[in-house]
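Enquirer: Sequence and predicted structure, then a few things I'm wondering about:
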Amino acid sequence: MPPDLTPEQLKIIHHPIGVHARVLAVAGSGKTTTLVHRIQYLIEKKNIDPNKICILMFNTRAREDFQRKVERLLLHNSRPAVHNFHSYSYSVIRKAVETGIFPESTDNWELDAGELSRIYIKKAISNLEREHKIPLYTIDPDEALNCIGLWKGSLISPECAGHRSNPDFAIVYHEFERLRLIEKAISFDDFVPIAVQLIENYDNQLRIQNEYDFIMVDEYQDVNYGQQKLIELLAGKKADILLVGDDDQTIYEWRGARPEYIHSKFSEIFNYKNFETYTLSLSFRFGPIIAQCAENLILHNKKRVEKKIIAYHYEMWSDIHLIEDSSEQVFDSNLRMAEQLKTIVRETKDPQSVIVLGRTFSQLVNIEMAFLKEKIPYRVIGRGPFFERREISALIDYLVISMLIKSSIDDELEKRINSIINIPNRKVNKSIFRRTLESIKSESKTTEYFFNFLLDSSSSPFQSWQRPPIEELFSNLSRINEILLTNPLVSTATLLKNIITWTSYCKHFDDFYGRGENSEDRKNSVRSIVAIAKEANLPLVEFLNYVQSFDSTLGVPLEEQIVLTTVYRVKGEEFDYVFIPDCQEGTMPLLSGGDNQIFDKCGNVEEPDSSPIIENERRLFYVGLTRARKAVYISFSSSPHLGNQLSSQTKTPSPFIEETGLDQVKELFTLYQTLTPEDDENLQQYYQKLIEFGGNKRILSNLITDYLPKKDIVLPIEVLDIISKIPDIDSDVIQPVEKPQQKKKWYDDD
């Protein structure tokens with residue numbers, strides 16, 4: 001074994017055969033290295049057949065990275081196959097096809113980024129709307145696919161599918177499955193449930209259970225019910241299970257992951273053998289300041305396994321910087337953050353060393369605006385830039401249509417009118433509306449003429465009871481047009497606020513997506529565009545030109561663009577510098593989001609309860625902090641202004657910032673970095689600081705037991721005695737130990 005492996009890692013690598021292992025690994029603690037050396041140990045030292053080892057990684061990227069490391073370490077040996085849950089399930093399905101148990105699929109819906117799934121979900125919704133089984137235009141296709149994926153991930157059939165806020169999603173699930181089975185198709189979400197079903201019903205032919213002697217599962221805190229069931233079936237009553245994960249990084253509860261699986265369910269489910277728990281507490285990723293702040297933060301969660309986070313490189317400098325906006329300027333902190341980012345990239349010449357993270361995409365809107373102003377090229381992974389998002393583009397369409405209501409309809413105006421008719425949902429038949437609009441356009445008539453035509457009882461293709469929503473829309477567009485005629489220089493922010501209020505625009509997202517994260521994200525985007533318009537303070541025509549000039553990439557190559565995305569999309573990754581903008585109460589944490597809406601109404605699937613929302617949100621912030629190697633930059637505002645709101649409101653910094661104990665950590669660890677055993681003056685000053693800040697038991701414990709010994713510093717007994725008597729300090733943690741007497745050398749002065 002290489003000499004740089006830690007004692008913690010070596011214990012896991014040499015874990016005895018015949019006993020399960022649970023490994024709790026903090027962020028950046030070298031769990032992949034540990035797993036790879038465990039495999040090497042089993043094959044080379046214990047003569048285990050590689051074909052008897054099954055390795056399950058969480059996703060394709062992790063699988064490929066692990067596979068490369070296994071190949072490098074086991075150069076001259078046969079190697080075990082490395083799977084993720086999807087690829088292993090596919091192998092089970094292929095085996096079932098080859099043995100004639102399962103029919104060959106004629107259509108693979110996971111190809112082309114799931115485009116066929118989107119086509120068929122839209123077809124399912126259209127069928128149900130046409131048959132009046134669900135109301136018109138109330139189901140978002142992407143949200144429906146998400147719900148179906150969650151049901152399948154929890155092994156819930158269409159007959160048992162329940163939804164807490166909109167039962168119509170379950171009806172869509174049933175129709176989608178009917179169409180899929182007709183096409184003999186298989187989608188990405190089908191692999192695990194089909195594999196589970198095949199093993200449960202046909203294992204005599206497939207011979208999969210008890211096939212492996214060793215099963216290793218990475219990122220175990222993220223498994224959902226279906227993946228957990230698959231692990232159980234593979235293990236049978238034979239395999240040694242080694243599970244690696246970190247309950248503090250359970251951030252996918254919305255898709256069925258539960259920290260209970262790694263907390264307690266592990267020993268209950270795999271109870272046919274004893275198990276040992278190990279901890280990888282040393283992080284190789286960052287220095288003591290980030291390590292201690294992350295630990296201080298996550299200690300506020302009650303639903304977790306206690307563990308330390310100690311920086312292995314104790315002299316490595318890493319930091320957390322706060323950028324506070326206490327001015328009346330909406331984008332002040334974001335502009336300062338953008339300038340800081342630009343400085344870092346100029347110095348490092350490496351845009352890919354930087355990442356900008358949000359809890360939701362709407363949290364990134366203001367920093368996007370700052371990047372546009374500062375000419376910083378960027379791209380958003382997981383969604384387009386804010387000015388292309390549907391909730392924003394529809395508002396722009398309202399403004400343009402209002403301005404041009406007396407102009408002839410051209411192709412562009414036709415597209416805009418069609419885009420807003422059911423945003424918010426007016427339950428207007430789109431086919432009739434579009435056909436009529438196309439006919440009116442061919443006659444070179446105006447938008448005003450078109451709406452009057454629809455509202456005229458003698459000409460309208462709509463019945464009288466169908467016309468009031470159209471009349472209301474026309475009235476709102478006309479009111480905006482009248483304001484523009486009366487005051488051409490009126491602020492665009494005022495116009496936007498009028499549209500949002502008159503149309504109950506934000507309520508639409510609650511109705512369409514249900515109250516929760518998807519709705520809040522879109523409403524926050526809407527609030528942000530109002531803030532942007534207010535800050536720009538431009539009349540409509542100039543504002544439209546301003547927005548049209550936006551180009552997030554500035555035409556530079558991908559590797560030169562700064563990446564913006566959500567914390568969900570970077571778990572398992574690391575970057576030199578992490579930027580978290582607009583870290584506010586109501587954004588991070590987002591207490592109205594993250595809940596799992598689906599459930600099994602038949603009661604067959606007994607999933608653990610989800611965590612308190614605040615604990616899940618805290619884990620998200622923890623994951624964001626611990627992506628950084630060198631520094632984290634966090635911006636927030638504490639000033640009363642419009643900001644991300646439609647009415648004046650004081651913005652409150654995220655409580656998570658205070659929970660890190662940043663000021664105290666910086667003071668103690670900045671001085672710690674300079675300490676040497678010979679520097680008595682600094683040591684005396686440090687002893688005083690420890691006593692002064694003695695209320696934080698965890699910081700003191702880590703300093704005394706983990707950090708100071710690395711510098712060969714042992715606190716005097718009188719200092720330890722004082723610290724041990726501070727309230728809330730556990731005497732078992734702080735044990736007074738006298739510094740050993742140094743023998744006098746012959747050359748020492750008297």
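Expert: That came through, no problem.
Enquirer: Next up, phi/psi of residue 526, please.
Expert: Main-chain torsions, residue 526, degrees, to the nearest 10: phi -60, psi -40.
Enquirer: count of residues packed around it?
Expert: Per other C-beta atoms under 10 Å, the neighbour tally for residue 526 reads 24. Using the backbone N, CA and C atoms, a C-beta is placed for each residue, glycine as well.
Enquirer: what do you get for the one 10 residues further on?
Expert: Neighbourhood size, residue 536 [other C-beta under 10 Å]: 15.
Enquirer: Now do the contacts for it.
Expert: Residue 536 makes contact with 492, 543, 546, according to C-beta atoms under 8 Å, 6 or more residues apart in numbering.
Enquirer: With residue 231 instead?
Expert: Residue 231 touches 56, 215, 217, 223, 241, counting by C-beta under 8 Å, 6+ apart.
Enquirer: My impression was that the second one belongs to a strand - is that right?
Expert: Yes: remark: residue 215 belongs to a strand, assigned using DSSP: H, G, I helix; E, B strand; the rest coil.
Enquirer: That one against residue 233, yeah?
Expert: No: at 10.7 Å, residue 215 does not count as touching residue 233 under the criterion of C-beta atoms under 8 Å.
Enquirer: higher neighbour count, the two?
Expert: residue 215 (23 against 18).
Enquirer: Tell me who's in contact with the more buried one.
Expert: Going by C-beta under 8 Å, 6+ apart, residue 215 touches 53-54, 56, 231, 234-235, 239-242.
Enquirer: go on, residue 291?
Expert: Counting by C-beta under 8 Å, 6+ apart, residue 291 has contacts 283, 309-311.
Enquirer: Run a quick neighbour tally on residue 100.
Expert: Residue 100 has 9 neighbours, counted by other C-beta under 10 Å.
Enquirer: so is it in a helix, a strand, or just coil?
Expert: Classification of residue 100 by three-state DSSP places it in coil.
Enquirer: pLDDT at it, what is it?
Expert: Note on residue 100: pLDDT of 91.
Enquirer: And for residue 588?
Expert: In the predicted model, residue 588 carries a pLDDT score of 93.
Enquirer: Confirm that it sits in a helix.
Expert: No: per three-state DSSP, residue 588 lies outside any helix segment and is coil.
Enquirer: Correct me if wrong: it contacts residue 652.
Expert: No: assessed by C-beta under 8 Å, residue 588 is found out of contact with residue 652, at 11.4 Å.
Enquirer: Among those two, which residue is more densely surrounded?
Expert: Taking neighbours as other C-beta under 10 Å, residue 588 and residue 652 compare with residue 588 leading, 28 against 12.
Enquirer: Tell me what residue 578 is bridged to.
Expert: On the basis of DSSP bridges, residue 578 is bridged to residue 355, residue 632.
Enquirer: ok, it - how many residues close by?
Expert: Residue 578 is flanked by 25 other residues according to other C-beta under 10 Å.
Enquirer: got the contact list for it?
Expert: 354-355, 357, 624-625, 627-628, 631-633.
Enquirer: that older thread, filter the contacts of residue 291 down to the ones in strands?
Expert: Using DSSP state E, the subset of these located in strands is 283, 310-311.
Enquirer: Mind listing what's buried along stretch 675-693?
Expert: Neighbour-count burial for stretch 675-693 flags 675, 683, 686-687, 690, 693 (criterion: 16 or more other C-beta atoms under 10 Å).
Enquirer: Kindly export that stretch (C-alpha atoms) in PDB.
Expert: Only the C-alpha atoms of stretch 675-693 are listed here, as PDB (Å, rounded to 0.1, in the frame of the first residue of the first chain):
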ATOM      1  CA  LEU A 675       2.100  29.400  15.300                       C
ATOM      2  CA  THR A 676       5.300  27.600  16.100                       C
ATOM      3  CA  PRO A 677       6.200  25.800  19.300                       C
ATOM      4  CA  GLU A 678       9.100  28.200  19.800                       C
ATOM      5  CA  ASP A 679       7.100  31.400  19.400                       C
ATOM      6  CA  ASP A 680       6.100  32.000  23.000                       C
ATOM      7  CA  GLU A 681       4.600  35.400  22.500                       C
ATOM      8  CA  ASN A 682       2.200  34.200  19.800                       C
ATOM      9  CA  LEU A 683       1.400  31.100  21.800                       C
ATOM     10  CA  GLN A 684       0.400  33.200  24.800                       C
ATOM     11  CA  GLN A 685      -1.800  35.300  22.700                       C
ATOM     12  CA  TYR A 686      -3.400  32.200  21.200                       C
ATOM     13  CA  TYR A 687      -4.100  30.700  24.600                       C
ATOM     14  CA  GLN A 688      -6.000  33.900  25.500                       C
ATOM     15  CA  LYS A 689      -8.000  33.600  22.300                       C
ATOM     16  CA  LEU A 690      -8.900  30.000  23.000                       C
ATOM     17  CA  ILE A 691     -10.200  31.000  26.400                       C
ATOM     18  CA  GLU A 692     -12.000  34.100  25.000                       C
ATOM     19  CA  PHE A 693     -13.800  32.000  22.300                       C
END
